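Asker: Just need the structure, nothing else, for what follows:
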Amino acid sequence: MKNFALNGVCCGSGGLLEVTDNDRIEVSNLNRQFLFREENVSQFKSAAARGRAREMNPKINVNSRQDLVAETTEHLFDDAFWMGLDFVCNALDNMKARFYVDGRCVMYEKPLLESGTMGTSANVDVVIPHKTLSYADGGNADEGGGIPMCTLRNFPHLIDHCIEWARAQFEDLFVSPARQATMFLEDSEAFLKKERNDLDGKTGGERLSMLSKAIARLTLLKKTMQMQAKKPEMFDCVQMALSVFHQQFRDRIQDLINKFPEDAKTSKGEPFWTGHKKFPKVLTFDAADEHTRNYIIATANLFACMLSVHPPKHSSEKNDPKNRWMAKYRDEDWFKSVTAGIPMPEYVQGNVEDLDEESGGSATDGGSLEEEDAQLTKTWESLLADLKAAAQAVSQGFVPLDFEKDDDDNFHIDFITAAANLRAINYHIVPAERHKCKMIAGKIIPAIATTTASVTGLVMVEMFKLMQQKDISCHKNGNFDLGTNTYMLFEPEPPKKIKTHTVKEFDPVMMVEEEKTILAYPDPHTKYDKLLIENARGLTLQQVVDTLKKDTGLNPYAVGIGRGDQARQVYNDILKGTHVNLPKPIVELLQENGVKMEGKVLSDALQVNFMDDDDEDVETPPVVLKF
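Answerer: Down below sits the predicted model:
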């Protein structure tokens, strides 16, 4: 924004800079940028930046917002917003947000100037519709790789694995259950309908997998609502914390030992517990142990926050080291007295989840798929019925917790530290200090003002080229590292062309590798192309299918609503039960499946699968409805 103001960007009568950031300024932000000062601490970043930019150039027109840019706020950043932009300039700190904005720029065909820093290194990427790769296609869009789930769940060997596991536990315990409960209470019929729609058309192993995951999620949702129905007090939250402690650090470890004793062998006859696989030890509750005490205190207080036992916490700038928030429930004497009267839960044997194939993840219990499907379906149906009953007794709301690493009094980092260290002790790993847990859980990478200044300068150069409509050959992507004194500038690559091609696939029946032709329509096309359906507001699903068939000459045999793997099938040519949706207005179907239609001009919520006359799948651009 400093560069925008000093270069006169958005200073004309028709100019406007839309800036949004839902974060507030922390003291730690001051050393890595040039806009904020000490007096701005606790202010919204976007508002403070606007004020500082106007001091530099009173003519700059800025609309500062505090809204998160995400799928959940598309009613705020609607079609009119995106279509009214000339270009987008990103300054984001996570890959999920980057990919989302990149996807919106592809959808609305807006140029994107993407940049980022990591210590002394930085990058700038120029994305121009129809002329360059999108950011997601660039090949370097990675956030440090991933840790295999089987390693996180069962075989950690680094403290980093334990911290990542603890961070995931935070979401599983204090975010997802409250969010699901809130959705159910707001519209139980829509929630149940979505659950059923998600399973429509699924068969075999895919259906079993989805049922198993749904049962685990719905069981947790049921328990969460039953907790709230009891009108819990702090004592109940401590009981829940103790239950979770034994489940995570005693029961699941004992399950793993039962399945793989210390002398267990692999299918090849080699020792199972070798290399990175550390044979774990079971933990028991010890009120005198510091890690255990810290875990129970943090977990109980976080349950109290989620279930509205505690009042909302004040902002972090009001923290007082001499009078900490909920100081009563941090006290060691209180902890010992409240846990002394609670009986410890007995061990109940369970299953070991998220194993890889080498560790026995593909093993079955010998039952048929039909029997397992019937059993799981019965459990699933029972849970759906129980949820409606549980919801009747709930009188107050839930608060999904928003992980915040920079508030030392909110118990978030306290939980991560204690959970990670108990997990580390399970696996004979050296525990970590709170600061390291905070660094890894918050994915904090030290920022340097010099790097920030350098990369924003490169962004401005590319922006001027964009405004002057320079040829694509004039634009330059850049990677550099001030620490190693390396600098690379190179032309952006053209967009990938999707064309008819041949791939090799393994046929498990014939036990041979076969060539398969993947058709493309149009041949070729890019991700920027679209199959546009005009005047869609008055159309039924049948009319949408017929229009696509007429325009492409292909058979649109399946239609889903949603993005990515969250799409829910509403029509499939061979599933006659879905044909009841064909006469329904497309707008009604979109709304039934969670798409907000207010202010909608364009929608890319339809996922359509096409086949040609020979029943061969065809890759096409996305279908876009224009209302």
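
Asker: residues of the longest helix seen in the chain that come out buried?
Answerer: Using DSSP state H to assign secondary structure, the helix with the most residues in the chain is helix 204-229. Residues of helix 204-229 classed as buried by neighbour count (16 or more other C-beta atoms under 10 Å): 207-208, 211-212, 214-215, 217-218, 220-222, 224-225, 227-229. In short, each C-beta sits where N, CA and C put it, glycine included.

Asker: likewise stretch 112-127?
Answerer: For stretch 112-127, the neighbour count (16+ other C-beta under 10 Å) marks 112-117, 120-127 as buried.

Asker: Which element is encountered next along the chain beyond the strand or helix carrying L548?
Answerer: With the criterion set as DSSP states H and E, the secondary-structure element containing L548 is helix 541-552. Using DSSP H and E, the helix or strand that follows helix 541-552 towards the C-terminus is strand 555-561.

Asker: and the angle from that following strand to helix 541-552?
Answerer: Angle, strand 555-561 to helix 541-552, by axes from the mean of the first three to the mean of the last three C-alpha atoms, to 10 degrees: 130 degrees.

Asker: Break down the stretch 501-627 of the chain into its strands, ranges please.
Answerer: Chain-ordered strands for the stretch 501-627 of the chain, with DSSP state E, counting those that start in this stretch as the definition, fall at 501-507, 512-520, 531-533, 555-561, 568-572, 602-603, 606-611, 617-619, 623-626.

Asker: for the third one, packing partners?
Answerer: For strand 531-533, the helices and strands in contact under the criterion 3 or more C-beta pairs under 8 Å, 6 or more residues apart in numbering; DSSP states H and E are helix 541-552, strand 623-626.

Asker: who does the shortest one pair up with?
Answerer: Put plainly, it is strand 623-626. Each strand that pairs with strand 623-626, with its direction, by DSSP bridges: strand 531-533 (parallel), strand 602-603 (antiparallel).

Asker: And the residue nearest the centre of this protein?
Answerer: Nearest to the geometric centre of the chain sits K96, at 6.7 Å (C-alpha atoms, centre = their mean).

Asker: Buried residues, the one helix or strand that one maps to. List them.
Answerer: Secondary structure assigned from DSSP H and E places K96 in helix 95-108. Neighbour-count burial for helix 95-108, with 16+ other C-beta under 10 Å as criterion, is recorded at 95, 98-108.

Asker: what's the answer for stretch 528-537, then?
Answerer: Of the residues in stretch 528-537, those with enough neighbours to count as buried (16+ other C-beta under 10 Å) are 528, 530-531, 533, 536.

Asker: which one of the residues you listed sits closest to Y521?
Answerer: Distance to Y521, by C-beta to C-beta, is smallest for L531 among the buried residues of stretch 528-537, at 9.0 Å.

Asker: show me what contacts the nearest residue to that closest one once chain neighbours are set aside?
Answerer: Distances taken as C-beta to C-beta, 6 or more residues apart in numbering put V623 closest to L531, at 4.7 Å, once the chain neighbours are dropped. By C-beta atoms under 8 Å, 6 or more residues apart in numbering, the contact set of V623 is 530-531, 533, 548, 604, 606-608.

Asker: Let's see that with 7 Å instead.
Answerer: Each residue near V623 by C-beta atoms under 7 Å, 6 or more residues apart in numbering is listed here: 531, 533, 548, 606, 608.

Asker: The stretch 201-350 of the chain: helices as residue ranges?
Answerer: With helices called from DSSP state H, counting those that start in this stretch, the stretch 201-350 of the chain shows them at 204-229, 234-246, 252-259, 290-306, 332-340.

Asker: Kindly reformat the ones you listed as a markdown table containing mean pLDDT.
Answerer: Formatted as a markdown table, the helices of the stretch 201-350 of the chain follow (pLDDT from 0 to 100):
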| stretch | mean pLDDT |
| --- | --- |
| helix 204-229 | 79 |
| helix 234-246 | 93 |
| helix 252-259 | 91 |
| helix 290-306 | 95 |
| helix 332-340 | 93 |
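
Asker: got JSON lines for these, with distance to A453 too?
Answerer: What follows is the helices of the stretch 201-350 of the chain, written out as JSON lines (distance: least, C-beta to C-beta, whole Å):
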{"stretch": "helix 204-229", "distance to A453": "46"}
{"stretch": "helix 234-246", "distance to A453": "46"}
{"stretch": "helix 252-259", "distance to A453": "48"}
{"stretch": "helix 290-306", "distance to A453": "39"}
{"stretch": "helix 332-340", "distance to A453": "48"}
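
Asker: Out of these, which is closest to P177?
Answerer: In this view, the helices of the stretch 201-350 of the chain are compared for proximity to P177 by C-beta to C-beta, and helix 204-229 is the closest at 3.9 Å.

Asker: picking that back up, next, the angle from the following helix or strand past the helix holding K96 to helix 95-108.
Answerer: Per DSSP H and E, helix 95-108 leads on to strand 112-118 as the next helix or strand towards the C-terminus. Counting by the same axes, to 10 degrees, strand 112-118 lies at 170 degrees to helix 95-108.

Asker: quick one: strands adjacent to strand 112-118?
Answerer: For strand 112-118, the paired strands and their directions (DSSP bridges) are strand 88-89 (parallel), strand 121-127 (antiparallel).
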